[in-house]
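Engineer: Would you be able to build a 3D model of this:
(chains A and B)
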Amino acid sequence: AQSVTQPDIHITVSEGASLELRCNYSYGATPYLFWYVQSPGQGLQLLLKYFSGDTLVQGIKGFEAEFKRSQSSFNLRKPSVHWSDAAEYFCAVRNYGQNFVFGPGTRLSVLP
Amino acid sequence: GAVVSQHPSRVICKSGTSVKIECRSLDFQATTMFWYRQFPKQSLMLMATSNEGSKATYEQGVEKDKFLINHASLTLSTLTVTSAHPEDSSFYICSAPGDAGELFFGEGSRLTVL
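Structural biologist: Here you go, the predicted structure:
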């Protein structure tokens, strides 16, 4: 069965610092991978996705993620965090159907 | 990107009453929509898959008689929480798949049952 782990429940970084949120997945084939962001009391917004091709994908709001097959990882990065990036971040995996599996989420706090 | 709209964003009801939540795809058609439930500080739990023109598919452990789902058209799915109780209080989110394989989410609906 597919599973997604996000080892960090909560991360705090200073504004302007770099950020990396970890995501590991368990799936037999190459999955479709996603990162979503959720602000408090809101739905989820798609940041970026990976289906195939270049393993470094660019998303909105200055985020990028790198797919590493050997490590079954899809870590999210941003070179310089802004206070408005404080939110909950979810990594997700989709198989060839439409079944999505979401990770437990990582809450990002940003210090001024 | 595609837009999914959910209404109401917040609803408070008395125990024993029913509440309907609407999920609309505004600029695309969705033959399938997904309903999730999210507890505080937790991830999304898939409740059911709504299928236009046929019955919804419920995940294991989700009471289909309590959480009624209707996919009335290619742009509208509704979730009705029947005979709501305080333990049904939660954040409910709907989503619809886009053409490129991603999911687009509604804004969510906060249900509070008194």
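Engineer: contacts and neighbour counts: CA atoms only from here.
Structural biologist: Fine.
Engineer: What is the end-to-end distance of stretch B:83-96?
Structural biologist: 27 Å (CA to CA, to the nearest Å).
Engineer: Just the residues contacting it, thanks.
Structural biologist: A:43, B:4, B:6, B:14-19, B:23, B:25, B:30, B:32-40, B:66, B:103-114 (CA atoms under 8 Å, 6 or more residues apart in numbering or on different chains).
Engineer: Of the residues you listed, keep whichever come out buried.
Structural biologist: A:43, B:4, B:6, B:15, B:18-19, B:23, B:25, B:30, B:32-38, B:103-113 (16 or more other CA atoms under 10 Å in any protein chain shown).
Engineer: right, is the helix or strand where A:Ser109 lies up against chain B?
Structural biologist: Under the criterion DSSP states H and E, the helix or strand holding A:Ser109 is strand A:106-111. No - Strand A:106-111 lies out of reach of chain B by CA under 8 Å from any CA of the partner chain, never closer than 8.7 Å.
Engineer: buried stuff in that strand?
Structural biologist: Buried, per 16+ other CA under 10 Å, within strand A:106-111: A:106-110.
Engineer: what about the residue nearest the centre of chain A, helix or strand, and which?
Structural biologist: What sits nearest the mean C-alpha location of chain A, by CA atoms, centre = their mean, is A:Trp35, with 3.7 Å. In this structure, A:Trp35 sits in strand A:32-38 according to DSSP H and E.
Engineer: Just the endpoints, please. Distance across stretch A:81-101?
Structural biologist: End residues of stretch A:81-101 are separated by 27 Å (CA to CA).
Engineer: And for that stretch, what's in contact with it?
Structural biologist: Applying CA under 8 Å, 6+ apart, the contact partners of stretch A:81-101 are A:2-4, A:6, A:13-19, A:23, A:25, A:31-40, A:102-112, B:43, B:97, B:101.
Engineer: Which among the residues you listed count as buried?
Structural biologist: Listed as buried from these are A:4, A:6, A:13, A:15, A:19, A:23, A:25, A:31-38, A:102-110, B:43, B:97; burial here means 16+ other CA under 10 Å.
Engineer: residues from chain A in reach of chain B?
Structural biologist: So chain A meets chain B at A:34, A:41-46, A:49, A:90, A:98, A:102-105 (CA under 8 Å from any CA).
Engineer: State the helix or strand in which B:Phe28 lies.
Structural biologist: Going by DSSP H and E, B:Phe28 is not in any helix or strand.
Engineer: For it, what are phi and psi?
Structural biologist: Main-chain torsions, B:Phe28, degrees, to the nearest 10: phi -160, psi 160.
Engineer: so what's the closest residue in space to it that isn't next to it in sequence scoring on pLDDT?
Structural biologist: Spatial nearest neighbour of B:Phe28, chain neighbours left out: B:Ala2 (6.8 Å); criterion: CA to CA, 6 or more residues apart in numbering or on different chains. pLDDT, B:Ala2: 83.
Engineer: Provide a list of residues in contact with B:Ala2.
Structural biologist: B:25-28, B:98, B:104 are the contacts of B:Ala2 under CA under 8 Å, 6+ apart.
Engineer: same thing with B:Ala72?
Structural biologist: Here B:Ala72 is in contact with B:52-53, B:78 (CA under 8 Å, 6+ apart).
Engineer: any chance of the buried residues of strand A:106-111 in CSV, with distance to B:His85 too?
Structural biologist: CSV is the format used below for the buried residues of strand A:106-111 (distance: CA to CA, whole Å):
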residue, distance to B:His85
A:Thr106, 30
A:Arg107, 29
A:Leu108, 33
A:Ser109, 34
A:Val110, 37
